[in-house]
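Undergrad: the sequence and its predicted three-dimensional model are supplied below.
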Amino acid sequence: MPEQLSFDLPSVPALGRADFMVAPSNAVAVAMIEAAPAGKLVLTGPEGSGKTHLAHVWATKAKAKIISSLDLNEADIPVLAQRSIVVEDVPEIAGDADQQNALFHLHNLVLAEDKALLLTGRGAVRDWGITLPDLASRVAAAPSASLELPDDTLLAAILAKLFADRQLTPKRDLIPYLITRMDRSFAAARDLVDRLDTASLAQKRPISRVLAASLLDNEVKSAR
């Protein structure tokens, strides 16, 4: 069957608190986010684990601005510090002295202004690679909330949400089928839904267990 051209239309993720599924793997982190904003907080977890989603929940509560750590060096730090702030992906500035200095000054000014600060990143803080000693000590001293890898129930809910974000309705037997065959991570779930959506459009086939089996089987063959 000839494949049709598919257009990479962006999905629209739902980032409100009601859209975040709570499970044992993330319940403590959700509770800490909901108890904020006050002072500073660090949110850690694997790629695609919901850090950005919870950062938006926190930012809504705190009326905070969200900024990437990679943009700090270009920001007006004194102006930025006049409101609560989320700094995402802090490990991305490991080894970058200028960006770390900017984050250090932002940290101090935000707290001096009695605003709140949320820092996010993958892995434990000790592995973030912060080389500025004063910044490293301040981040290490912050309360930390950690998101863990999902169990079956949460993974099923994440898959259902990812399909819903794309306005897709998979066959009822698809999600249980995927859970037993996919890598157990949030990032893998996001990537798999994206590839199923793309294959469905290209092949003019419904998103089903048959399509998933074909996709996964082809990946296994190509990996050999």
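TA: Now that the structure is in, tell me what you want to look at.
Undergrad: can you give me the helices for this protein?
TA: Under the criterion DSSP state H, the chain contains helices at 27-35, 51-62, 77-80, 97-112, 133-140, 152-165, 174-179, 186-203, 209-223.
Undergrad: export the ones you listed to CSV and tack on distance to Met21?
TA: Placement of C-beta: from N, CA and C, glycine included. As requested, those are arranged in CSV below (distance: least, CB to CB, whole Å):
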stretch, distance to Met21
helix 27-35, 9
helix 51-62, 10
helix 77-80, 32
helix 97-112, 30
helix 133-140, 28
helix 152-165, 4
helix 174-179, 13
helix 186-203, 11
helix 209-223, 22
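Undergrad: return the helix or strand in this protein with minimum mean pLDDT.
TA: Scoring the helices and strands of the chain by mean pLDDT, DSSP states H and E places helix 209-223 at the bottom, with a mean of 79.
Undergrad: pLDDT weak spots in the chain?
TA: By pLDDT under 70, the weakly predicted segments of the chain are 1-20, 220-224.
Undergrad: in the least confident helix or strand of the chain, which residues are buried?
TA: With burial defined by 16 or more other CB atoms under 10 Å, the residues of helix 209-223 counted as buried are 209, 211-212, 215-216.
Undergrad: for those, which one is nearest Ile77?
TA: The closest of the buried residues of helix 209-223 to Ile77 turns out to be Leu215 (CB to CB; 46.7 Å).
Undergrad: just give me the neighbour total for the closest residue to that closest one other than its chain neighbours.
TA: Nearest residue to Leu215, sequence neighbours excluded (CB to CB, 6 or more residues apart in numbering): Ala199, at 5.5 Å. Ala199 is flanked by 18 other residues according to other CB atoms under 10 Å.
Undergrad: quick one: contacts for Ala199?
TA: Going by CB atoms under 8 Å, 6 or more residues apart in numbering, Ala199 touches 205, 211, 214-215.
Undergrad: equivalent analysis for Pro176, please.
TA: Listed by CB under 8 Å, 6+ apart, the contact set of Pro176 reads Ala156.
Undergrad: against Asp165, how distant is it?
TA: 20 Å (CB to CB, to the nearest Å).
Undergrad: how close does the closest residue in space to Phe186 that isn't next to it in sequence get to Ala140?
TA: Spatial nearest neighbour of Phe186, chain neighbours left out: Gly48 (3.4 Å); criterion: CB to CB, 6+ apart. Using CB to CB, we find Gly48 at a distance of 25 Å from Ala140.
Undergrad: show me the contact partners of stretch 81-95.
TA: 37, 51-52, 55, 58-59, 62-70, 72, 99-100, 103, 106, 109-110, 112-113, 115-123, 127-131, 139.
Undergrad: buried residues in that stretch?
TA: Buried, per 16+ other CB under 10 Å, within stretch 81-95: 81, 84-93.
Undergrad: among the residues you listed, which ones are in strands?
TA: Counting by DSSP state E, the part of the buried residues of stretch 81-95 found in strands is 85-88.
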